[in-house]
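In: Structure of the sequence below:
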Amino acid sequence: MKKILYTLLLSIFGVMSMSAQHNPWDISLGGKLGANYGTLTTLKGDPVITPTIAATIEMSFSNKWGMAMEVGYKRYALKNVNMPAETIADKFPSMSLGDVIYNAGSYDYSIDYIDVNYFLKYYTKYNLNLYAGLKMGRMLHGKVEHKGENTSLRKNIHHGNFSVPIGAEYEYKNYTFDVRYEMGIQHLAIKEKAKKMLGSARTSSLTFTVGYRFQLM
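Out: Numbers count the residues shown, from 1 in each chain. Predicted coordinates:
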C-alpha cells in the first residue's frame, strides 16, 4: 500500500513539474467552452448560470510573459428580481394606481454580449498562468420579462460595456482550464426610466471554461 501511495505521489508531482514551454514569439490558437455565472450588481435576484464560448490567439514574449486576445459570447441574467408596489410608486410617482399594481412583481433580466478581451499573461511554474486585462463588450440583445411580456433594453442601456478581468489558467498538454472574475467599470443605464429600474447596476461575472489550443509558430 505504501509503495502504491508513493508511486501515485511521484506521478502527480511529475505531471505538475512538467512546465508548459513558452518560448519567445510562440503563437497559438484555441477555443474555450464553459459556464458563466453572470449577474447585475445592485439588483437582488437569482443569478442564472449560462453557457459561454470563445476563440483565442496568444503570443509569448519570453518564457515568463505573453499577451492574448479573446473573442467570445457571454450572457448576464437574473431571475425573480422583485419590485413591490411601494418601490414602483416611489420610483414613478406620476404612474396611476392601476399601472403601479400591474407593474409590481417579479422581473427577469438578460443581456447578451460579444466580448473582445486583451490580456497580459504571466507564466508561473507548474503550468499555472495568471492574467489581467481589459474587456470591451458589444451588446447583442437585452430584455426584461415581466408577466410574460418582454421589454427591450436596447435603447435604454449602453451598447458598449467595459470591464476589468483577472484570472488563472492551468495548462495540461494542449488543454486549458480557466477561472476568471470580471467587474464592469461603467453603469449600464442611460435613460431615466432605465436608471430607476436598474439603478447603478454594472455587470459582474465568474466564468469557468475548458479549452484546447495548438501552436502555430
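In: quick one, what contacts residue 118?
Out: 67, 68, 69, 133, 134, 135 (CB atoms under 8 Å, 6 or more residues apart in numbering). C-beta: built from backbone N, CA, C; applies to glycine.
In: Output the lowest mean pLDDT helix or strand found in this structure.
Out: helix 2-17 (a mean of 42; mean pLDDT, DSSP states H and E).
In: quick one: average confidence on whichever helix or strand comes after that helix?
Out: For helix 2-17, the following helix or strand on the C-terminal side (DSSP states H and E) is strand 27-40. Strand 27-40 carries an average pLDDT of 96.
In: Stretch 114-126 too?
Out: Mean predicted confidence for stretch 114-126 is 94.
In: Any buried residues in it, and which?
Out: Of the residues in stretch 114-126, 115, 117, 119, 121, 123 count as buried by neighbour count, 16 or more other CB atoms under 10 Å.
In: Where does pLDDT dip in this protein?
Out: 1-20, 84-102 (pLDDT under 70).
In: between the buried residues of stretch 114-126, which is nearest residue 24?
Out: Nearest to residue 24 among these is residue 123, at 11.8 Å by CB to CB.
In: Could you pull up the contacting residues of the closest one?
Out: So, once contact is read as CB under 8 Å, 6+ apart, residue 123 ends up touching 20, 22, 60, 63, 64, 65, 66, 129.
In: out of the residues you listed, which is most surrounded?
Out: Using other CB atoms under 10 Å as the neighbour test, these are led by residue 66, with 23 neighbours.
In: Bridged to it, which residues?
Out: residue 60, residue 121 (DSSP bridges).
In: Go ahead and confirm it touches residue 58.
Out: Yes: with contacts counted by CB atoms under 8 Å, residue 66 reaches residue 58, the gap being 6.0 Å.
In: Dump the buried residues of stretch 114-126 into TSV; add distance to residue 79 and secondary structure as well.
Out: TSV is the format used below for the buried residues of stretch 114-126 (distance: CB to CB, whole Å; DSSP: H, G, I helix; E, B strand; the rest coil):
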residue	distance to residue 79	secondary structure
115	22	strand
117	27	strand
119	31	strand
121	35	strand
123	39	strand
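In: now those in a markdown table, with distance to residue 143?
Out: Listed next are these as a markdown table, based on distance: CB to CB, whole Å:
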| residue | distance to residue 143 |
| --- | --- |
| 115 | 19 |
| 117 | 25 |
| 119 | 30 |
| 121 | 35 |
| 123 | 41 |
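In: Pull the most distant pair out of those.
Out: 115 and 123 (23.3 Å).
In: so where do the helices sit in the chain?
Out: 2-17, 85-91, 97-103, 192-198 (DSSP state H).
In: ok, the residue most central in space within the chain to residue 191 distance?
Out: With distances taken as CA atoms, centre = their mean, residue 205 lies nearest the centre of the chain, 4.4 Å away. Residue 205 sits 24 Å away from residue 191, taking CB to CB, to the nearest Å as the criterion.
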